[in-house]
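Pasted the sequence and its predicted model underneath.
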Amino acid sequence: MKKRSFAALTAALALAPLLAAGVPGQRAMAAEPSDGASSSPAGSALPRAVDLDTVTIPELQALMKRGSLTPSDLTRAYLQRIEAIDPKLNAVLHISPTALSQAAASDARHRRGSVRGPLDGIPVLLKDNVNTFDMPTTAGSLALAGSPPDTDAELVGTLRAAGAVILGKANMSEWANFRAAKPTSGWSAVGGQTHNPYVLDRNPCGSSSGSAAALAASLAQVAIGTETDGSIVCPAGMNGVVGHKPSLGLVSQSGVVPISAEQDTAGPMARNVTDAAITLAVLSGHHAAGVEIASGRTEAITRPGGLRGKRIGLWRLPSLGAEVDALMTRTAARLRAAGARIVEVTPPYQGRLAELEFPALLSEFRRDIDSYLASRTGPRDLAGLIDFNRTHPAEHTCFAGQELFELALAAPPTTDPGYRAMRAELKDLSRRSIDETMAAHDLDAIAAPANPPAWTTDCARGDNDVIPSSTPAAVAGYPSLSVPAGFVGELPVGLLLMAGDRQDAELLSLGAAVERRLDAWRAPRYLRSVTSVGTVD
């Protein structure tokens, strides 16, 4: 991807919300949470016009440029909101001890007119598998709860260099859901259980669960998640936010607790596509182009592309339930009404991908986790990690199993010819599943439901998460993007968009158009439970 294309994209997505009607930053003010805590905390220094639920990064930067908002004001507002709301959710593990000093440094840059880019002064939460030298990085496990890493992950260094305020760490599914055969998403021995903000006894999905739940509750402006298969896009869909899984290699994985170098990537999560696109531009090393956005150079403005003439393949996945399928029918009708051509598709080779992916990940996990653990204090390899879990009862308080660890320990090494053939076939078939489908129907993207309605969290049962839509792009290393599609009762469902390799900019532009058309976001109400999908308890 050329730098120029990212510069044009981020300028378009960032500035168009200030010019066009019906975009996320101009939605109606969000309803207050059911406990009465507004999205702009009482006692904060935020201007009355700032609604943390709907405000975008360009709007914040415009206020900061005028001097009516400071990064310190914004950071304090999010810290106050975390204090007020997070006890319901258990989404935020750690607050950075330097968050306010980082914000104060950004205040000074804004006063001097030396802003580093569009993320300067913007509070960001990190998933707790992303290394930070000044906070614990545990992947949810007590085995890593001692000394922090010696250095930041490369992506954290990039965020700091861009002026972002590293607000803290978000809870996650322990070891990114790669420990037990039947894990419970959102649970870790370090952080306990994260709850879905829409209905608190429902699950947040995937391993970036805390990042998504925190964003849904407006506890940070953006967050960083990670995905091997589904762990950005499913939590985004299930918590009603935006999640972008970048093309493999676009964002550095150095210093991130791994599952598989062949599939792992960090990516941005936000409440709107604009903020996700800006964050990706920074993470991928294109943040210098964002100075255009922060300084308001209108000569770079081009509106994001509309839907007229776009060809989208709809992969319906009726196995996710009649309610989700009905929502996909309504979604297709709305996109058609905006001029898009919707063609129903079924990407091929999905059975073979499901057969091969897990065995390949087992071999890759052993290789990659051993390498990571060698850099940390605690167990030095996978065998030591298994022994740690056997002797620490607190690791068993939700589920006791570590079957995936044990299978990975016995898996063939990545030098084995059988493994190599398996990964080669996976790469070939996953890419063909997308490329052939898009070519056969002349598509701009493939769309599918990102998630079913959130299931009830249950440690004894584990997750109910057979969600195949994320797999083709995850295994291929292609980009995918989840945007809010609507609700089944009180529970959000996302629309997953995927496209070809390094088509991140085009996918985000299309996603912005889909987001504006569907306008499906609404603030959570923090309901205790629902007796059925559509009934409040």
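Perfect, I can see it now. Numbers count the residues shown, from 1 in each chain.

what are the ranges of the strands in the stretch 251-400 of the chain?
265-270, 311-314, 341-344 (DSSP state E, counting those that start in this stretch).

Would you mind measuring from S188 to S209?
S188 sits 9 Å away from S209, going by C-beta to C-beta, to the nearest Å. Any C-beta I mention is one placed from the backbone N, CA and C, and that applies to glycine too.

if we can go back for a sec, quick one, which of the strands of the stretch 251-400 of the chain is packed in tightest?
By mean neighbour count, with neighbours taken as mean count of other C-beta atoms under 10 Å, strand 265-270 ranks first of those at a mean of 28.

still on that earlier bit, CSV for the strands of the stretch 251-400 of the chain, including mean pLDDT and distance to V50?
Below are the strands of the stretch 251-400 of the chain laid out as CSV (pLDDT from 0 to 100; distance: least, C-beta to C-beta, whole Å):
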stretch, mean pLDDT, distance to V50
strand 265-270, 98, 16
strand 311-314, 98, 34
strand 341-344, 98, 37
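
for the ones you listed, which one sits closest to E403?
Closest to E403 of these is strand 265-270 (C-beta to C-beta; 25.3 Å).

just checking, what packs against that closest one?
helix 209-216, strand 222-227, strand 242-245, helix 273-283 (3 or more C-beta pairs under 8 Å, 6 or more residues apart in numbering; DSSP states H and E).

Of all the ones you listed, which one comes closest to V483?
strand 242-245 (5.5 Å).

helices or strands next to that closest one in the packing?
helix 233-238, strand 265-270, helix 273-283, strand 480-488, helix 504-518.

Give the pairing partners of it; include direction for each.
strand 265-270 (antiparallel), strand 480-488 (antiparallel) (DSSP bridges).

can you put those strands in JSON lines and add distance to P149?
Converted to JSON lines, these look like this (distance: least, C-beta to C-beta, whole Å):
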{"stretch": "strand 265-270", "distance to P149": "15"}
{"stretch": "strand 480-488", "distance to P149": "29"}
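
Indicate which one of those is closest to R336.
strand 480-488 (14.6 Å).

Now that closest one: average pLDDT?
Across strand 480-488, pLDDT averages out at 98.

How far off centre is it?
How far strand 480-488 lies from its chain's middle: 12 Å, per C-alpha atoms, centre = their mean, to the nearest Å.

what's downstream of it, the next helix or strand?
strand 491-498 (DSSP states H and E).

now that next one: mean pLDDT?
On average, strand 491-498 scores 98.

what's that strand packed up against?
helix 233-238, helix 322-337, strand 445-449, strand 480-488, helix 504-518.

between those, which one is nearest to R376?
helix 233-238 (25.3 Å).

can you put the helices and strands packed on strand 242-245 in CSV and add distance to R352?
As requested, the helices and strands packed on strand 242-245 are arranged in CSV below (distance: least, C-beta to C-beta, whole Å):
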stretch, distance to R352
helix 233-238, 22
strand 265-270, 23
helix 273-283, 31
strand 480-488, 20
helix 504-518, 25
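
between these, which one is nearest to P348?
Of these, nearest to P348 by C-beta to C-beta is strand 480-488, at 17.7 Å.

Look up how far A104 lies from Y526.
In terms of C-beta to C-beta, Y526 sits 32 Å off from A104.

ok, now A421?
Counting by C-beta to C-beta, the gap from A421 to A104 is 55 Å.

how deep is the nearest residue to P97 once chain neighbours are set aside tucked in, by neighbour count?
Nearest residue to P97, sequence neighbours excluded (C-beta to C-beta, 6 or more residues apart in numbering): D134, at 6.6 Å. For D134, the neighbour count with other C-beta atoms under 10 Å is 13.

just to revisit the earlier point, please say which of Y526 and A104 ends up with more neighbours.
Y526 (19 against 16).

In this protein, where is pLDDT below threshold?
For the chain, the stretches with pLDDT under 70 are 1-45, 286-305, 533-537.

what residues are up against the residue lying closest to G309 once chain neighbours are set aside?
Distance criterion C-beta to C-beta, 6+ apart; nearest residue to G309, sequence neighbours excluded, is G339 at 6.3 Å. By C-beta atoms under 8 Å, 6 or more residues apart in numbering, G339 lies in contact with G306, L307, R308, G309, K310.

Selecting buried members of those in PyMOL, what would you type?
The PyMOL selection below is limited to those of the contacts of G339 classed as buried (16 or more other C-beta atoms under 10 Å):
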select buried, resi 306+307+310
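
can you put the contacts of G339 in a markdown table and add distance to A49?
What follows is those, written out as a markdown table (distance: C-beta to C-beta, whole Å):
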| residue | distance to A49 |
| --- | --- |
| G306 | 28 |
| L307 | 30 |
| R308 | 32 |
| G309 | 36 |
| K310 | 33 |
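
Looking at the contacts of G339, which is nearest A62?
Nearest to A62 among the contacts of G339, with distances taken as C-beta to C-beta, is G306, at 24.3 Å.

and the closest one, what does it touch?
So, once contact is read as C-beta under 8 Å, 6+ apart, G306 ends up touching A338, G339, A513.

So for D463, which of the strands of the stretch 251-400 of the chain sits nearest?
strand 265-270 (19.6 Å).

which of the residues in stretch 237-252 are buried?
237-248, 250-252.

wait, which of those residues is closest to P183?
M238 (15.4 Å).

Was I right to think that closest one contacts P204?
Yes. Counting by C-beta atoms under 8 Å, M238 does reach P204; the two are 6.1 Å apart.

Overlap of the contact sets of the two?
N196, A212, A454.

quick one: the second one from G249, how far?
Just to be clear, that refers to A212. In terms of C-beta to C-beta, A212 sits 24 Å off from G249.

swap in the last one?
Here the distance between A454 and G249 works out to 32 Å (C-beta to C-beta).

picking that back up, go through the helices and strands packed on strand 491-498 and pick out the most buried.
helix 233-238 (a mean of 35).

Return the distance of that one from the chain's centre.
7 Å.

what's the spacing between E355 and T437?
19 Å.

now A276
24 Å.

Give me the more crowded residue out of these two.
A276 (29 against 20).

and that one, what is it in contact with?
Taking C-beta under 8 Å, 6+ apart, one finds V222, V242, G243, H244, P268, M269, A270, L481, L508 in contact with A276.

repeat that with 7 Å
V242, H244, P268, M269, A270, L508 (C-beta atoms under 7 Å, 6 or more residues apart in numbering).

which among those residues gets closest to L52?
Taking those together and measuring to L52 by C-beta to C-beta, the closest member is A270, at 12.5 Å.

contacting residues for the closest one?
Neighbours of A270 in contact, by C-beta under 7 Å, 6+ apart: L215, V222, V241, V242, A276, T279.

Now tabulate these in JSON lines and tack on distance to L119.
Shown next, in JSON lines, are the contacts of A270 (distance: C-beta to C-beta, whole Å):
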{"residue": "L215", "distance to L119": "15"}
{"residue": "V222", "distance to L119": "8"}
{"residue": "V241", "distance to L119": "18"}
{"residue": "V242", "distance to L119": "16"}
{"residue": "A276", "distance to L119": "12"}
{"residue": "T279", "distance to L119": "7"}
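
of all those, which two lie farthest apart?
Across the contacts of A270 (C-beta to C-beta), the longest gap, 12.6 Å, separates V241 and T279.

Secondary structure element holding Q80?
Counting by DSSP H and E, Q80 is part of helix 71-89.

Can you tell me which helices and strands that helix packs against?
Counting contacts by 3 or more C-beta pairs under 7 Å, 6 or more residues apart in numbering; DSSP states H and E, helix 71-89 packs against strand 92-95, helix 99-112, strand 123-127, strand 165-170.

Helix 71-89 and the longest one, what's the angle between them?
Orientation check (axes from the mean of the first three to the mean of the last three C-alpha atoms, to 10 degrees): helix 99-112 against helix 71-89 gives 150 degrees.
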